[in-house]
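*Asks:* No letters, just coordinates:
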């Protein structure tokens, strides 16, 4: 049985969306057991009772306004923190939360704990691409770290490489370095050094530099980037897509009867297009580099998105990728 | 008469698109004189002869493959370099090129020269926003510098502020700092320090931190960012928009007869939507911090886009903003 600890109180639509996701996951997979941490009364309003679900009462919540590290230290009975403690104690195999990203990263570091010899865990969303052939892009690091050293970038590549191979079944993942030009020798001090490290690591299939404009075009499976820039890229992607789809809707509704009629006819096609950009389909972002899988679901997750994050957590546990990573890094030095 | 030096050989569609842009600009504005630098024979194929246009023969071109600094030093008869020398010598008031961005930045630095007390010039595109009320977003720096110090960010803000006021007629430009969260105290070492500098400079209307997801939503007029991240943001914006519009076209053409018919009906509305995202309408990106206006037109500029870059150069010269900036910085220390 795979045991998944779920923060029932994190995210914009908690606990309803969280519990709906849990209901669906329990129904779909008969090999999982879920521990729901949060306000029992509220959780039970939405929960379909099942012997494979336990509800555990907690009294605090880490909110979007909380300063992450402080909150994790002070709010000892926060749903996220107590769920992480269960993982740390071996009572659960993975943690899933749609709560405060900074809070979850701090929880991962302070409660679950880093794998030995990994200096900085990274946050790794799996994005849908515009390529038919290569459907996923792993972005590493999408913002776990504000300041990044070259050794961190190298470790990110190793971590993401394990994930791509074991969880996404990509045989020889192509790893690109996000840079301000494609030619060798381009970049800032950090990326110039990282290029050399990645190129010289024969265990990695290094593609070379990749520009942010083509990051989703299927040229690589993994894009390595410092967390500050990665965060900016991820947010620009999300913001641009959201803004364009909103503008699209507006222009079809407000450009007269012809466009309105056309809009009705293209509605399904646009819906399917939009679905292609749904970055919750693959689940959430994985915090990799800590001693157990920690999955960050979108803050705006609905039940379906949160279900996908649980599905992903199950798969990550099944593949035992975190154990492989631990073995590699612990024997490294 | 405003004298504009134009690199006729830079860009994907040179010299045809460049010369077409020049033809239109000469027709539209009777107060400009244009010097076209490049292959006279090719230029004359497209040029409408006019006493306000001179064609000056050059024999070399800085290409996309050239290493910028080396190329500027070695290709002494490159169209871009010779055009810049005319600006340096006072024979022209501004330089416009659609050529190699790195080459143009190097030309700006090495030939036109930095304004005294400005450590690093910045590259500043003016982007269309999704806001009806605030139609422009100045992104500074979009990639002139790979490594950036906090003093550079502060100077970028001062430079962009002058441009917004004088060229875009924005009374009290709102300046945001691109960061990994909106709260004060967020950021990497660089942005944390920059926040303090910008906040304490009472000559600036500092809005605070802004995330890349809302950069085009009209919250600010100017977004300050280090050149490496700024470059990634700009390329992500361009890549995402281009990919979505391409996918949109595909889905309307290939989702059956209903979508195809609808696609015909919404064609005009989509065209107008796409026009809204056309970042060549405002002209090109301005290199600010050098002794004369240097405008980088899109490499893929057609005649209309290049015309807009010339129009912008004319306006920048008219406002005398570079002179104001020089006076400010030269008297500063």
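*Replies:* On my side now, so go ahead. The shown structure was predicted, so the numbers you read here are calculated from the model rather than taken from an experiment.
*Asks:* how about the residues of the stretch 51-200 of chain A near chain B?
*Replies:* A:67, A:102, A:130, A:143, A:146-147, A:178, A:180-181, A:185, A:187-189, A:191 (C-beta under 8 Å from any C-beta of the partner chain). No exception for glycine: its C-beta is placed from N, CA and C like everyone else's.
*Asks:* low-scoring stretches of the stretch 201-333 of chain A, by residue?
*Replies:* A:333 (pLDDT under 70).
*Asks:* what about the strands in it?
*Replies:* A:205-210, A:222-224, A:285-288, A:294-296 (DSSP state E, counting those that start in this stretch).
*Asks:* With mean neighbour count added, can I get those strands in TSV?
*Replies:* Converted to TSV, the strands of the stretch 201-333 of chain A look like this (neighbours: other C-beta atoms under 10 Å in any protein chain shown):
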stretch	mean neighbour count
strand A:205-210	20
strand A:222-224	29
strand A:285-288	29
strand A:294-296	29
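*Asks:* Could you dump the ones you listed into a markdown table and include distance to chain B?
*Replies:* Formatted as a markdown table, those follow (distance: least, C-beta to the nearest C-beta, whole Å):
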| stretch | distance to chain B |
| --- | --- |
| strand A:205-210 | 10 |
| strand A:222-224 | 11 |
| strand A:285-288 | 14 |
| strand A:294-296 | 15 |
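*Asks:* and those strands as TSV, adding distance to residue B:307?
*Replies:* Shown next, in TSV, are the strands of the stretch 201-333 of chain A (distance: least, C-beta to C-beta, whole Å):
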stretch	distance to residue B:307
strand A:205-210	33
strand A:222-224	37
strand A:285-288	44
strand A:294-296	47
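*Asks:* Which among those strands is found nearest to residue B:79?
*Replies:* Across those, residue B:79 has its closest neighbour in strand A:205-210 (28.0 Å, C-beta to C-beta).
*Asks:* Each with direction, which strands does that closest one pair with?
*Replies:* Counting by DSSP bridges, the strands paired with strand A:205-210 are strand A:174-178 (parallel).
*Asks:* Rounded mean pLDDT for the partner strand, please.
*Replies:* For strand A:174-178, the mean pLDDT works out to 98.
*Asks:* Could you list the low-confidence segments of the stretch 1-150 of chain A?
*Replies:* For the stretch 1-150 of chain A, no range has pLDDT under 70.
*Asks:* OK, contacts around the closest residue to chain B within the stretch 1-150 of chain A?
*Replies:* Nearest residue of the stretch 1-150 of chain A to chain B, counting by C-beta to the nearest C-beta: residue A:146, 3.9 Å away. The contact partners of residue A:146, taken as C-beta atoms under 8 Å, 6 or more residues apart in numbering or on different chains, are A:227-228, B:180, B:187-189.
*Asks:* try residue A:237
*Replies:* A:127, A:216, B:236, B:240.
*Asks:* Dump the residues you listed to JSON lines, plus distance to residue A:281 and neighbour count.
*Replies:* Below are these laid out as JSON lines (distance: C-beta to C-beta, whole Å; neighbours: other C-beta atoms under 10 Å in any protein chain shown):
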{"residue": "A:127", "distance to residue A:281": "10", "neighbour count": "21"}
{"residue": "A:216", "distance to residue A:281": "14", "neighbour count": "23"}
{"residue": "B:236", "distance to residue A:281": "20", "neighbour count": "26"}
{"residue": "B:240", "distance to residue A:281": "18", "neighbour count": "25"}
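*Asks:* Relative to residue B:268, which of those residues is nearest.
*Replies:* Nearest to residue B:268 out of those is residue B:240 (C-beta to C-beta; 23.3 Å).
*Asks:* which residues touch the closest residue to that closest one other than its chain neighbours?
*Replies:* In space, and not counting its chain neighbours, residue B:240 is closest to residue A:240: 4.2 Å by C-beta to C-beta, 6 or more residues apart in numbering or on different chains. Counting by C-beta under 8 Å, 6+ apart, residue A:240 touches B:216, B:236-237, B:240-241, B:244.
*Asks:* quick one: residue A:240 and residue A:134, what's the gap?
*Replies:* Applying C-beta to C-beta, to the nearest Å, the value for residue A:240 to residue A:134 is 21 Å.
*Asks:* ok, now residue A:206?
*Replies:* Distance from residue A:206 to residue A:134, by C-beta to C-beta: 16 Å.
*Asks:* follow-up on the earlier one: and residue A:75, which of the strands of the stretch 201-333 of chain A is closest to it?
*Replies:* strand A:294-296 (17.4 Å).
*Asks:* can you give me the offset of the helix with the most length in chain A from its chain's centre?
*Replies:* Longest helix in chain A by number of residues, with DSSP state H as the criterion: helix A:227-254. Relative to the chain's own centre, helix A:227-254 is displaced by 19 Å; criterion: C-alpha atoms, centre = their mean, to the nearest Å.
*Asks:* tell me the residue furthest from the middle of chain A?
*Replies:* residue A:257 (41.8 Å; C-alpha atoms, centre = their mean).
*Asks:* Mind checking which of the contacts of residue A:146 are buried?
*Replies:* Buried members of the contacts of residue A:146, scored by 16 or more other C-beta atoms under 10 Å in any protein chain shown, are A:227-228, B:180, B:187-188.
*Asks:* Out of these, which is nearest to residue A:261?
*Replies:* Distance to residue A:261 across the buried ones among the contacts of residue A:146 (C-beta to C-beta) is lowest for residue B:180, with 43.7 Å.
*Asks:* can you give me the strands in the stretch 1-150 of chain A?
*Replies:* Going by DSSP E, counting those that start in this stretch, the stretch 1-150 of chain A shows strands at A:2-7, A:32-38, A:53-57, A:94-97, A:122-124, A:126-128, A:136-140.
*Asks:* Tell me which of the ones you listed is the most buried.
*Replies:* strand A:94-97 (a mean of 31; mean count of other C-beta atoms under 10 Å in any protein chain shown).
*Asks:* Can you give me the buried ones in stretch A:104-123?
*Replies:* Residues of stretch A:104-123 classed as buried by neighbour count (16+ other C-beta under 10 Å): A:104-112, A:114-115, A:118, A:120-123.
*Asks:* From those residues, which land in helices?
*Replies:* A:104-107.
*Asks:* ok, now how distant is residue A:119 from residue A:274?
*Replies:* 39 Å.
*Asks:* cool, residue A:63 as well?
*Replies:* The gap separating residue A:63 from residue A:274 is 30 Å, by C-beta to C-beta.
*Asks:* related to what we said a few turns ago, CSV please, covering the residues of the stretch 51-200 of chain A next to chain B and showing distance to residue B:249.
*Replies:* Below are those laid out as CSV (distance: C-beta to C-beta, whole Å):
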residue, distance to residue B:249
A:67, 46
A:102, 39
A:130, 12
A:143, 32
A:146, 39
A:147, 41
A:178, 27
A:180, 29
A:181, 29
A:185, 36
A:187, 34
A:188, 36
A:189, 41
A:191, 34
